[in-house]
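Trainee: Next come a sequence and a model predicted from it.
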Amino acid sequence: MGLIQGAPFTHRYSFSCSSCVIPPSTAAAIRSNSASVIDSGGIVKDVNLACVPEAVLGDYVLVHVGTAIGLIDAAEAARCLEQIRQL
C-alpha cells in the first residue's frame, strides 16, 4: 500500500493498493471495540476497527479489505472526497 503520486491525485490521505483507491468513510455505528458499520458514499458495510481502536462515531476512517487502517479529520476527508468526485 502506498500514496498515490500523480495527477489528479496527490493528496496525502488517499492511498492506493494495486488498482484501488480508498476514499474516506464515516463510522456510522460502533458495535464493539473491534467492529463498526461505515458509510462510504451511501454504501454501508461492516468493518474491523482493530487497527484504529480509538475511532468513535462520526470519525472518518480509511478502509481496505474490510479493515479500517487509519483515521483522518473531517477537513482532510472533505478535500479527498472532492478530489475523488472530480475524477
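Mentor: Noted; the coordinates are in hand.

Trainee: Please name the bridge partners of Ser25.
Mentor: With DSSP bridges as the criterion, Ser25 is bridged to Val61.

Trainee: Please list all residues in contact with it.
Mentor: Ser25 is in contact with Ile38, Asp39, Ser40, Gly41, Val47, Tyr60, Val61, Leu62, Val63, counting by Cβ atoms under 8 Å, 6 or more residues apart in numbering. Backbone N, C-alpha and C define where each C-beta goes, glycine included.

Trainee: residues touching the second one, list them.
Mentor: Listed by Cβ under 8 Å, 6+ apart, the contact partners of Asp39 are Ser25, Thr26, Ala28.

Trainee: I'd assumed it was in a strand, is it?
Mentor: Yes: counting by DSSP: H, G, I helix; E, B strand; the rest coil, Asp39 is part of a strand.

Trainee: Would you mind measuring from it to Thr26?
Mentor: According to Cβ to Cβ, to the nearest Å, Asp39 and Thr26 sit 5 Å apart.

Trainee: gap between the closest residue in space to His64 that isn't next to it in sequence and Ser32?
Mentor: Closest residue in space to His64, ignoring its immediate chain neighbours: Ile22 at 5.5 Å, by Cβ to Cβ, 6 or more residues apart in numbering. Ile22 sits 23 Å away from Ser32, going by Cβ to Cβ.

Trainee: Give me the more crowded residue out of the two.
Mentor: Using other Cβ atoms under 10 Å, the more surrounded residue of Ile22 and Ser32 is Ile22, with 22 against 7.

Trainee: these two touch, right, the more buried one and Val63?
Mentor: Yes: the criterion here is Cβ atoms under 8 Å, and Ile22 meets it with Val63 at 6.6 Å.
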